[in-house]
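K.L.:
Can you look at this prediction? I've put the sequence above it.
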Amino acid sequence: MMRRIAALFHARNLEFIRDRASLSWNLLFPALLVLGLAFVFSGDDKSLFKVAQLTTTEQINPQQHPFLSTEHIQFFTLEDRAAALKKVATHQIDLLLEIHDKQVHYWVNSESANGYIVEKLLLASDPAAFKQTTQGQAMRYVDWLLPGILSMNIMFSCLFGVGFIVVRYRKNGYLKRLNATPVAAIEFLIAQILSRLLLLLSVTVLVYMGTDYFLDFSMHGSYWHLLLLTALGIFCMISLALTLASRTASEELAGGLLNVISWPMMLLSGVWFSLEGSPEAIQMLAHFFPLTHLINGARAIMLEGADLSDIRYSLLALSGMSLFFLLVSAKLFRWKAE
Amino acid sequence: MRADPIIQVNNLKKKYPRVYAVQGIHFELHRGHCLGLLGPNGAGKTTTIEMLEGITPPSSGEILYKGKPLGKTFHNQAGIQFQATALQEFLTAKEHLKLFQSLYPQSLPLSEVIQLCSLHEFLNQDASQLSGGQRQRLLLAIAMINDPEVLFLDEPTTGLDPQARRNFWEMINGIKQRGKTVLLTTHYMEEAYQLCDQILIMDHGKIIASGSPDKLLKSHFQESIITLPSDDFKVQNDFPLQHQNLGDNIEIRSSNISQTLQTLLEHKIPLQHLQIRKHTLEDLFLALTGQELRQ
């Protein structure tokens, strides 16, 4: 029995090692992931909480108040009071404070667990800190989280549902068979896009409706605007998937490519936590990800009641990326493995 | 006067980065004929057929369809069955037919294709659950769905049991009777003999023999083969006929059967288990391409 296991073990090792493309990705992907995460979460430690100070200075001055030198809290400055209060309401920062003559005024979202803990820390260091009231109803974390979760599901469904399938079709010769018919590459690509777009849009609407029944999500904007943005986001993700799957017939390589795209998006597009206060380079990088624009647009519609003109930057970014990915995928597309 | 060829191949070459798969071949295919492309593995058959199908571009040379270079619309005139084609999961045989039917500007009625390829029994079955023979019949039906003028079949019966293979031959003969032109690659010499009007034998990317099966056999072999069990073949050293010991049997090649039989009788060799056979395409194939193992 051991001889057979050893023989199979050896054969699989040879297969793995000789598939140069997959092997490269297996080496490159974890290295990129480690380097990427090290860069994103660089610093002495990962801060647990985000606190913004309303001030006109660019840098936090820890001498101003003992709370500002508390460890494991990321402090940064904001100038615009209205925008800062909106960030408190939308869970982008855990606590906002303003200091006048050593007197601390602070704002916290009563629905935020992080906000609750940071408030305790602030009051421990300064029992005289004065709590200010925020206007309107405090937003729940789940309301903030929902657009991110739905968008992330869209991303994975498109990248792996479309990208992987196309690679499998190429590997098993189904694409080659279609190539022997009058079907043009662009026709095949459009069919894939429309099919996944329709299915995923329906699924997303159903999931939203189903969960909304129980959780009664915050919705301040138009459902039609949200539907349009979602459709555009799906279209963009499918186009990206088709670009990644345009040539390879190796499922392992495709898996590597899809992971190398989806992981940074999942971490840096603001699905789970806001990038507020993170290095500017990271925030810039996030703007190259379609997931960022989908989530930002959806949050603006749902949480702030934004209309299409308010989210035009997200709509333009998604449209531009879709067009780019679609053109590249049509250009690179191969029916047969090379 | 012979009609113009439906397909004409002139000095066709295909070079891959490290190998010349096809090295300047010429041949013609006439309407209603079945041409068999034979050769050992790696001879260049699949590359040749894929260039003719229009899915692999040649490095040089010319392929003419009805006297003109293959155009974009050739796909409409061609029916293709690849060596290995995956079908879409979770689709039935009938759904596959409808799918491919809708990809062409013209098509045969579904009922006609179903009848032609005997698909009734598994029409509503998931394609992933079909047996090897059923699967090949479905793939043939897909290849016929656009009512093609030329049908390309790349090793269509590989892996089928003898019954399924013979059933497949009947369908190909039925297709030939409809006036379709067929180009077939196969490793089964009996299949080529049964189906093909003309045969090309390829090796190392070149055509090394061509013609009708019978003409090819006649031109290469003038003898018949007499086979006797080794146990019956007890002869002295002065036995005049050349013979080859094949283990259980002895083979004697003879261009004069009567005289050979007379000689055997004179040497008191029992003839009750004697067999006489003609040379087959397999003999010709091995004679031309050698006995050594290929890729």
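P.N.:
That came through, no problem.
K.L.:
Report the buried residues of the helix or strand harbouring B:Gln115.
P.N.:
Element membership of B:Gln115, judged by DSSP states H and E, is helix B:110-116. By neighbour count on 16 or more other C-beta atoms under 10 Å in any protein chain shown, the buried set for helix B:110-116 is B:Leu110, B:Val113, B:Ile114, B:Leu116. Where C-beta positions appear, they are placed from N, C-alpha and C, glycine not excepted.
K.L.:
List the contacts of the first one.
P.N.:
Spelled out, it's B:Leu110. Shown in contact with B:Leu110 (C-beta atoms under 8 Å, 6 or more residues apart in numbering or on different chains): B:Lys94, B:Leu97, B:Lys98, B:Gln101.
K.L.:
how far away is it from A:Phe325?
P.N.:
Between B:Leu110 and A:Phe325 the computed distance is 38 Å (C-beta to C-beta, to the nearest Å).
K.L.:
backbone phi and psi for A:Gln103, please?
P.N.:
With angles defined as degrees, to the nearest 10, A:Gln103 sits at phi -90, psi 120.
K.L.:
okay, now the closest residue to it other than its chain neighbours: neighbour count?
P.N.:
In this structure, A:Gln103 finds its nearest non-sequential neighbour in A:Phe130, 6.8 Å apart by C-beta to C-beta, 6 or more residues apart in numbering or on different chains. For A:Phe130, the neighbour count with other C-beta atoms under 10 Å in any protein chain shown is 12.
K.L.:
Report the separation between A:Phe130 and chain B.
P.N.:
Using C-beta to the nearest C-beta, to the nearest Å, A:Phe130 is found at 64 Å from chain B.
K.L.:
so that residue makes contact with A:His100?
P.N.:
No. Using C-beta atoms under 8 Å, A:Phe130 is not in contact with A:His100, being 10.0 Å away.
K.L.:
How about the contacts made by B:Ala209?
P.N.:
B:Ile199, B:Leu200, B:Ile201, B:Leu216, B:His220, B:Leu284, B:Leu288.
K.L.:
what helix or strand does it sit in?
P.N.:
With DSSP H and E as the test, B:Ala209 turns up in strand B:206-211.
K.L.:
Domain map for chain B?
P.N.:
Following automatic domain parsing, one finds the domains of chain B at B:32-47+B:75-218, B:222-277.
K.L.:
Just name the most buried of those domains.
P.N.:
Each of the domains of chain B was scored by mean neighbour count; the highest is domain B:32-47+B:75-218, a mean of 19, by mean count of other C-beta atoms under 10 Å in any protein chain shown.
K.L.:
Doesn't B:Leu153 belong to a strand?
P.N.:
Yes. Assignment of B:Leu153 by DSSP: H, G, I helix; E, B strand; the rest coil places it within a strand.
K.L.:
I'd like to know how far it sits from A:Asp94.
P.N.:
69 Å.
K.L.:
Over to B:Phe221?
P.N.:
Taking C-beta to C-beta as the measure, B:Phe221 falls 92 Å from A:Asp94.
K.L.:
Who has more neighbours out of these two?
P.N.:
More crowded of B:Phe221 and A:Asp94, by other C-beta under 10 Å: A:Asp94, with 26 against 17.
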